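S.K.: this one's sequence-less:
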């Protein structure tokens, strides 16, 4: 019986679907997307060819995973009986192997992939939140920029005014010190004059109590002392006026000092606002750096996730290929047994007529048995190679998952 292209295509696609869950329907959407992206005028001319190329590509991947490295388009469009049986045997062996040995491993990979997807979504949400916070900070900085410029200008003006006021304050303080010294001198002089006046008054009292020997001289002395007393009173009044002026100036200086304190407080407030603005800018720069680090980490995690997904897809493909291969091998074995039984019955019927044909059929049966033995040995050899490849892949996957867990600070338990 010679296999037809449609039959072989359906069988190969059944194997592919068993391993990768891909079928002819699932390839229609990528074909249409590729045609839409190419923007071709005569799309109908390219639809079948592109679908055939997609189909050949995926079946070739399945064949390479099943250690059929020379699979080509001829095996799909112009199949040969022996080669088709060889390819189907490889597919069935691979699918059976994945069903028996890779199910637990693939399930673990799927669970880990689901966890990585959840972590990726969380990281993307955190990145979006950070970007929103950065945009809010930038908007706030842009909104506060005119106020900052205005405060800076006011700060510069107040600083200049403060320096000018500081110079005036120093000059005023020097003048105040001079006036205080002069006032102290005048107060001391007034006290001395008061003491002299009191002593003179006492002397006048004592003199009045005595008998006057020379009234004219006493009168003259009294007149002189009266003039002296009047001059002292005028000096005292002048000193008191100066003291009042000094008090007014001191009050003015205290008011100026109060204004200067207010200016200093405003300058301190402005400096605090400037420091707060600088701190906000520094925090913004830190947030930007943190965002860049998160973006780099997100890209690394995305690349690692893509690699893990590729490995997961490859493992799933191998598992599905092995499962499909086992089923196909079982069906093929049943069909081979039925075919051999029919051929044996035909040989029994033909043996009565031609002994020579019987011997030839026996020889063919022996040859078939030898081929079956060779196929079994080849299958065992391929199974051994697949087991070695599986353990190698599992070791590499464990190493990768440990590395990924160390990067993500996760605890991974290996059974």
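M.R.: Yep, it's here. Since we're looking at a predicted model, the values are computed, not measured.

S.K.: Name the residue closest to the centre of this structure, please.
M.R.: residue 294 (2.3 Å; C-alpha atoms, centre = their mean).

S.K.: Can you report how many residues lie near the residue lying closest to it once chain neighbours are set aside?
M.R.: With C-beta to C-beta, 6 or more residues apart in numbering as the criterion, residue 294 has its nearest non-adjacent residue at 5.6 Å, and that residue is residue 127. (Glycine included, C-beta is placed from N, CA and C.) The tally of other residues near residue 127 (other C-beta atoms under 10 Å) stands at 15.

S.K.: same thing with residue 54?
M.R.: Residues near residue 54, counting by other C-beta under 10 Å: 18.

S.K.: hmm, back to that, quick check: next helix or strand after the host helix or strand of the residue nearest to the centre of the chain?
M.R.: Applying DSSP states H and E as the criterion places residue 294 in helix 215-351. Counting by DSSP H and E, the next helix or strand C-terminal to helix 215-351 is helix 355-408.

S.K.: Look up how far residue 370 lies from residue 219.
M.R.: 174 Å (C-beta to C-beta, to the nearest Å).

S.K.: Run through the stretch 101-250 of the chain and note the low-pLDDT ranges.
M.R.: 106, 207-215, 218 (pLDDT under 70).

S.K.: Spell out the residue ranges of the strands in it.
M.R.: Secondary structure of the stretch 101-250 of the chain by DSSP state E, counting those that start in this stretch: no strands are present.

S.K.: hmm, who's touching stretch 279-299?
M.R.: Here stretch 279-299 makes contact (C-beta atoms under 8 Å, 6 or more residues apart in numbering) with 120, 123, 124, 126, 127, 130, 131, 133, 134, 137, 138, 141.

S.K.: Got phi/psi on residue 70?
M.R.: phi -100, psi 30 (degrees, to the nearest 10).

S.K.: And it, how far from residue 83?
M.R.: 9 Å.

S.K.: Which one of these two is surrounded by more residues?
M.R.: Taking other C-beta under 10 Å, residue 70 and residue 83 do not tie; residue 83 has more neighbours (15 against 9).

S.K.: how near is the residue nearest to the more buried one when sequence neighbours are not counted to residue 317?
M.R.: Excluding the flanking residues, the one nearest residue 83 by C-beta to C-beta, 6+ apart is residue 75, at 6.3 Å. Applying C-beta to C-beta, the value for residue 75 to residue 317 is 18 Å.

S.K.: now residue 243
M.R.: Residue 243 is 108 Å from residue 317, by C-beta to C-beta.

S.K.: In terms of neighbours, single out the busier of these two.
M.R.: residue 317 (23 against 16).

S.K.: show me the contacts for that one.
M.R.: Taking C-beta under 8 Å, 6+ apart as the test, what residue 317 contacts is 19, 20, 61, 62, 65.

S.K.: do you know how far it is from residue 111?
M.R.: Applying C-beta to C-beta to residue 317 and residue 111 gives a distance of 18 Å.

S.K.: just residue 171 next, same as before
M.R.: Taken as C-beta to C-beta, the span from residue 171 to residue 111 is 84 Å.

S.K.: ok, now residue 281?
M.R.: 45 Å.

S.K.: With residue 196 instead?
M.R.: Distance, residue 196 to residue 111, using C-beta to C-beta: 113 Å.

S.K.: what do you get for residue 138?
M.R.: On the measure of C-beta to C-beta, residue 138 and residue 111 end up 41 Å apart.

S.K.: repeat for residue 374
M.R.: 41 Å.

S.K.: Next one: residue 36 from residue 336, what distance?
M.R.: 46 Å.

S.K.: who's more crowded, the two?
M.R.: Counted by other C-beta under 10 Å, residue 36 and residue 336 do not tie: residue 336 has more neighbours, with 15 against 10.

S.K.: Now do the SS call for residue 3.
M.R.: Assigned with DSSP: H, G, I helix; E, B strand; the rest coil, residue 3 falls in the coil class.

S.K.: okay, it: pLDDT?
M.R.: Note on residue 3: pLDDT of 76.

S.K.: That one reaches residue 83, doesn't it?
M.R.: No. Counting by C-beta atoms under 8 Å, residue 3 sits too far from residue 83 to count as a contact (9.6 Å).

S.K.: rewinding a little: who has more neighbours, residue 196 and residue 111?
M.R.: Neighbour totals were compared for residue 196 and residue 111, and residue 196 leads with 13 against 10 (other C-beta under 10 Å).

S.K.: And the helices in the stretch 51-200 of the chain?
M.R.: Along the stretch 51-200 of the chain, counting by DSSP state H, counting those that start in this stretch, helices occupy 74-77, 81-101, 103-209.

S.K.: Just send these back as JSON lines, with distance to residue 381 too.
M.R.: Compiled in JSON lines, these are given as follows (distance: least, C-beta to C-beta, whole Å):
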{"stretch": "helix 74-77", "distance to residue 381": "21"}
{"stretch": "helix 81-101", "distance to residue 381": "10"}
{"stretch": "helix 103-209", "distance to residue 381": "22"}
